[in-house]
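Colleague: only the shape, not the letters, is given here:
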């Protein structure tokens, strides 16, 4: 584990994936996988067992919420931190995200600087826990 | 004859009764014709009496009185004839029998004095006098009769022998009693006649009344028929709404053209059927009876009804149910008015979908633009030149503007579709207002506008969504700054109004400026979507006209309101008026931010 914490990124937009990747590296972690749909994200999470998954909510095949619920339901990977990233800003959407088991719900557009900070906090929390 | 008819008449036909009564009355009232009839009777008797002169031994002793008697009789008969003239008063009729009595007196005087057989002829005029109404004819008739009886004595006093005086005394007494009896009989008869007349008038009045009632009732039922026809035609003219009427038990008795068209059921199949047997009706209500009890008790109920037609397609129908009431105001049935909202619902769903898609599709590229701009600014290895930093700043500002517009459009669509709901929590307004002042500060400073906050010392709590409340105050503050020329002032105050008691305490946030102002005739439209005041356009102040409509929607969703007072050229003041929430218990989840600046200055 010399590379530090591993993060899986899932978003159907390649530019956003790249931007999130920059934030992840700035937070001192490495990108284990960067995928474009929910099913691939679920697969990658099970294969890699990352410290953190950053998931877009609206993705093809499996939504971020579904992936999040699946992670929480699987004892082997249930400890994975989950950060949901969404364009939706209603309180109901946020509540749905947290109810699915996400540790943090972040809005798009996001500041890479702030996201890096959030990632660092989430990973630190995991290390201490 | 006439009396007999009158006695029989009550058992006869109504028409006959009416005729016989009138003839009876005519005969017994002192009408001039009957006076003439009686006089003709008297005259005939007089003529017969003249025949007695042919009997041997009976002869006129004195010729003059006999001739005078004949002349009086002729005069009485002629008089009775002329009494029929309409101008002559009825009372005058009593003169005729008085003349007759005098005539008989003279006849007796001329034919043998007190013993004359003609004395009996007095009976006829005396009865005539008795028939006359009232006592006056008798009072006058008494002395006249006595005078008539005494006339023979005046001619020949020698005739008065023993026993003759008694005849002179008893004759008037008997005649007087006869007259009195006849008078009394006639009086009773007349009173009965009057009673009959009164009854008849009453009967006629009742008949007329009954006829009037019958006419009125016929007119009313014609009117009712007409209005019923009109109502039916109006109900049937409604072809896009289903109108179904039922009785108290839910049995259908009205099923209009719209209902037949919408539900695909013919009227003859629906009438008489229970409303509960229509497809999907149970969705309207768990129990028809419970539901109808609710309707019965008050306000109309509006429900959604999913109805499957015979061809299998599903309709969304909005049904308003009201109670039908009879004349006494009691519920005697129900009216179901259904509107097909299938197309509207589908349209709303597609619009929602579209708005969500657009919002997502616009936010994603904006996320990339803003994110990568930040990476450029943060690049420590190759920092931007001052000029490049300025360009990047401009791009960032415009991308943010675009982002706000997208958010506003999305929020407006949410409000419009009724999906905007406040997730309530206890919010302290000092922090909300301070945050708005802070974010508007740089723009105000750049424009040379003074921005001040004056807040009360005590914390002010409302129940609501802090983000939305912040958005509302942001909109008002940034508007005020935007519409105020350089050198102007924007004052924000936070206070409370507890004038109506603690239960109705209000939180008031007011934002006043010394800006361009809003013309009075535009104030009403100010909160409409996409409306822009003429002063905004004239001063080329950017905006799309969503801010105030959003601000009002937020105020309304928080059970509050927004007020505005403005003078063109002098400035505008907006007041956000929200119901205060109860102060949280000590140690509650919401803390009061410490060290809030009572006044913030910018610029």
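Modeller: Yes, it's here. Worth saying up front: this structure is predicted, and the values here are computed from it rather than measured.
Colleague: what ranges do the strands span in chain A?
Modeller: Counting by DSSP state E, one finds strands in chain A at the ranges A:6-10, A:30-35, A:52-56, A:81-86, A:104-107.
Colleague: among those, show the one with the smallest mean pLDDT.
Modeller: Mean pLDDT values for the strands of chain A show the minimum at strand A:104-107, a mean of 86.
Colleague: and the least confident helix or strand in chain A by mean pLDDT with strand A:81-86, angle?
Modeller: Ranked by mean pLDDT, DSSP states H and E, the helix or strand of chain A with the weakest confidence is helix A:91-99, at a mean of 75. For helix A:91-99 against strand A:81-86, the angle by axes from the mean of the first three to the mean of the last three C-alpha atoms, to 10 degrees is 160 degrees.
Colleague: from chain B, how far off is residue A:115?
Modeller: To chain B, residue A:115 is 9 Å away according to C-beta to the nearest C-beta, to the nearest Å. To be clear about C-beta, it is placed using only N, CA and C from the backbone, and glycine gets the same treatment.
Colleague: OK, contacts around that residue?
Modeller: A:20, A:23, A:106 (C-beta atoms under 8 Å, 6 or more residues apart in numbering or on different chains).
Colleague: low-confidence stretches in the chain?
Modeller: No chain specified, so I'll use chain A. Residues of chain A that meet the criterion pLDDT under 70 lie in A:1-3, A:89-92, A:126-129.
Colleague: correction: the question concerned chain B.
Modeller: Residues of chain B that meet the criterion pLDDT under 70 lie in B:1-33, B:56-60, B:112-116, B:158-165, B:167, B:282-292, B:298-300, B:499-503, B:583-603.
Colleague: can you pull the residues of it lying near chain A?
Modeller: Residues of chain B found near chain A (C-beta under 8 Å from any C-beta of the partner chain) are B:359-360, B:363-364, B:366-372, B:374-375, B:378, B:403, B:407, B:414, B:421, B:423, B:465, B:467.
Colleague: mind running it again at 6 Å?
Modeller: Proximity of chain B to chain A (C-beta under 6 Å from any C-beta of the partner chain) is limited to residues B:360, B:363-364, B:366-368, B:370-371, B:374-375, B:423.
Colleague: quick check: longest helix of the chain.
Modeller: Just going to use chain A. Ordering each helix of chain A by length in residues (DSSP state H) puts helix A:112-128 first.
Colleague: ah, no, chain B please
Modeller: The longest helix of chain B (DSSP H) is helix B:164-237.
Colleague: quick check: bridge partners of the most centrally placed residue in chain A?
Modeller: Nearest to the geometric centre of chain A sits residue A:54, at 1.4 Å (C-alpha atoms, centre = their mean). Beta-bridge partners recorded for residue A:54 (DSSP bridges): residue A:9, residue A:83.
Colleague: next, the angle strand A:52-56 makes with the least confident helix or strand of chain A.
Modeller: Using the same axes, to 10 degrees, helix A:91-99 lies at 150 degrees relative to strand A:52-56.
Colleague: figure out how far helix A:91-99 is from the centre of its chain.
Modeller: Offset of helix A:91-99 from its chain centre (C-alpha atoms, centre = their mean, to the nearest Å): 15 Å.
Colleague: with stretch A:61-79 instead?
Modeller: How far stretch A:61-79 lies from its chain's middle: 11 Å, per C-alpha atoms, centre = their mean.
Colleague: now do stretch B:256-263
Modeller: Using C-alpha atoms, centre = their mean, the offset of stretch B:256-263 from its chain centre is 32 Å.
Colleague: which residues are contacting that stretch?
Modeller: B:235-236, B:238-244, B:267, B:340 (C-beta atoms under 6 Å, 6 or more residues apart in numbering or on different chains).
Colleague: apply 7 Å and report the result again.
Modeller: The contact list for stretch B:256-263, computed with C-beta atoms under 7 Å, 6 or more residues apart in numbering or on different chains, reads B:235-236, B:238-244, B:266-267, B:307, B:338, B:340.
Colleague: equivalent analysis for stretch A:52-70, please.
Modeller: Contact with stretch A:52-70 is made by A:5, A:7-12, A:20, A:37-39, A:41-42, A:45, A:71, A:80-86, A:88, A:96-97, A:100-102, A:119, A:122-123, B:360, as judged by C-beta under 7 Å, 6+ apart.
Colleague: just the buried residues of those residues.
Modeller: A:5, A:7-12, A:20, A:37-38, A:41-42, A:45, A:71, A:80-86, A:88, A:96-97, A:100-102, A:119, A:122-123, B:360 (16 or more other C-beta atoms under 10 Å in any protein chain shown).
Colleague: tell me the contacts of residue B:508?
Modeller: With contact taken as C-beta under 7 Å, 6+ apart, residue B:508 is in contact with B:495-497, B:575, B:577.
Colleague: neighbour count and secondary structure added to the residues you listed, as a markdown table?
Modeller: Listed next are the contacts of residue B:508 as a markdown table, based on neighbours: other C-beta atoms under 10 Å in any protein chain shown; DSSP: H, G, I helix; E, B strand; the rest coil:
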| residue | neighbour count | secondary structure |
| --- | --- | --- |
| B:495 | 15 | strand |
| B:496 | 15 | strand |
| B:497 | 12 | strand |
| B:575 | 18 | strand |
| B:577 | 16 | strand |
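Colleague: so which of these comes closest to residue B:312?
Modeller: Of all the contacts of residue B:508, residue B:577 has the smallest distance to residue B:312: 52.4 Å, by C-beta to C-beta.
Colleague: surely the closest one meets residue B:559?
Modeller: No - if you go by C-beta atoms under 7 Å, residue B:577 and residue B:559 don't touch, sitting 10.1 Å apart.
Colleague: the host helix or strand of residue B:137 vs helix B:164-237, what angle?
Modeller: Residue B:137 is located in helix B:136-155, with elements delineated by DSSP states H and E. The directions of helix B:136-155 and helix B:164-237 differ by 160 degrees, with the same axes, to 10 degrees as the criterion.
Colleague: if we can go back for a sec, packing partners of the longest helix of chain B?
Modeller: Other helices and strands packing on helix B:164-237, by 3 or more C-beta pairs under 7 Å, 6 or more residues apart in numbering or on different chains; DSSP states H and E, are helix B:14-28, helix B:123-131, helix B:136-155.
Colleague: near chain B, which residues of chain A?
Modeller: A:13, A:15-16, A:19, A:22, A:58, A:87, A:91, A:108-113 (C-beta under 7 Å from any C-beta of the partner chain).
Colleague: tell me what angle the longest helix of chain A forms with strand A:52-56.
Modeller: Interaxial angle, helix A:112-128 versus strand A:52-56 (the same axes, to 10 degrees): 140 degrees.
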